[in-house]
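Asker: Need coordinates for the below:
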Amino acid sequence: MDSMTALLDRPARLELRPALWRVGLIALATDHTTERDFAAMSPGEDLAIYANRVAFTNPTSNENLLAMSPLLTEAAALILPGEPLDAIAYACTAASALIGDRVIGQAIRAAKPDIPVITPTSATFAALTKLGAAKLSVLTPYTQSVTDHLIGYLESGGLQILNASCFGLSDDREIARVSPASILDAALDVRHPEAEALFVSCTALRAVSVAAAIEDRLGIPVVTSNQAMFWDTLRQAGCGRAISGYGRLLEMY
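Answerer: Residues are numbered from 1 along each chain as shown. Have a look, this model is predicted:
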């Protein structure tokens, strides 16, 4: 049977890439929040975000967090296989503190060599340096034990944690359902009078949408996991853009 489809005489003209900047995102299988936050904060069509998921099983325990470490190389390899990225982000704050930024970077670069790897903890260190803040109040949705481990990791990086509070949750699906209004109220409660910034931890927590409102109420910078990770991903990818509406950090580059 003859084909009814004609082959064009005019060849397709191919561009080098469909977007100026290309960043990868590895989110937890249970994550409801990070992709939405990245899309909301995106500066425009020049930035393309390519996401993949890594297996994770609730609850948020040390054992389950550590189980992700050997899976990161394969998760990274499945993001645009054989094509370059400008940066890649791994979206789990608690696991980053437990596994360590260096180990996570090595695992991801085994699949995607020679590119910046950003975690929420590495981005938080960079963000607080940019903001000139070292004395922190910390708010998390985690259990006390997971929060304590995070505090130890932050302190090992030279930060001074003045106080911390947590919601006591261990399920990502519940963490994603904590209302932004509840996050704002908790942030107002936890702020220490000598704190130079407030860190709101967890990529599953919908804190990005209220970061600016918390800053307005507290008068100090607010750094959230997804906000800091997105800011540092853009910065290291070479996409320097000031973005308004999500706290003062994203207005800096």
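Asker: contacting residues around stretch 116-128?
Answerer: Identification of contacts with stretch 116-128 by CB atoms under 8 Å, 6 or more residues apart in numbering yields 86-93, 96-97, 101, 104-105, 108-109, 134, 136, 153-154, 157, 159, 197, 199, 201, 203, 223, 225-229, 231-233, 235-237, 249. C-beta: built from backbone N, CA, C; applies to glycine.
Asker: Now the nearest residue to Tyr253 once chain neighbours are set aside: phi and psi?
Answerer: Distances taken as CB to CB, 6 or more residues apart in numbering put Gly240 closest to Tyr253, at 4.2 Å, once the chain neighbours are dropped. In terms of degrees, to the nearest 10, the main-chain angles of Gly240 are phi -80, psi 100.
Asker: List the buried residues in stretch 207-219.
Answerer: Ala207, Val208, Ser209, Val210, Ala211, Ala212, Ala213, Ile214, Glu215, Leu218 (16 or more other CB atoms under 10 Å).
Asker: Quick check on the contacts of stretch 116-128: which are buried?
Answerer: If we count by 16+ other CB under 10 Å, the contacts of stretch 116-128 have these buried: 86-93, 96-97, 101, 104-105, 108-109, 136, 153-154, 159, 197, 199, 201, 203, 223, 225-229, 231-233, 235-237, 249.
Asker: Those in helices, which ones?
Answerer: Judged by DSSP state H, helices contain the following of the buried ones among the contacts of stretch 116-128: 93, 96-97, 101, 104-105, 108-109, 153-154, 225-229, 231-233, 235-237.
Asker: what number of residues lie near Met4?
Answerer: Around Met4 sit 5 other residues, with neighbours defined as other CB atoms under 10 Å.
Asker: Restrict stretch 57-70 to CA atoms and write it as CSV.
Answerer: Presented in CSV, the C-alpha positions along stretch 57-70 are these (Å, rounded to 0.1, in the frame of the first residue of the first chain):
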residue,chain,number,x,y,z
THR,A,57,9.4,4.4,51.5
ASN,A,58,7.8,6.2,54.4
PRO,A,59,8.4,6.8,57.3
THR,A,60,11.2,9.3,57.3
SER,A,61,13.7,7.2,59.2
ASN,A,62,17.5,7.0,59.1
GLU,A,63,17.2,3.6,57.5
ASN,A,64,14.8,4.7,54.8
LEU,A,65,16.8,7.8,54.1
LEU,A,66,20.1,6.0,53.8
ALA,A,67,18.5,3.4,51.4
MET,A,68,18.3,6.1,48.7
SER,A,69,22.1,6.6,48.5
PRO,A,70,22.8,3.6,46.1
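Asker: quick one: average confidence on it?
Answerer: Across stretch 57-70, the average pLDDT comes to 91.
Asker: Contacts made by that stretch with the rest, please.
Answerer: Contacts for stretch 57-70 (CB under 8 Å, 6+ apart): 28, 30, 54-56, 92, 94-95, 98-99, 103-104, 107, 142-143, 145-146, 149, 169-173.
Asker: at 10 Å instead, please
Answerer: 26, 28-30, 54-56, 75, 90, 92, 94-100, 103-104, 106-107, 141-143, 145-146, 149, 169-175, 202, 204 (CB atoms under 10 Å, 6 or more residues apart in numbering).
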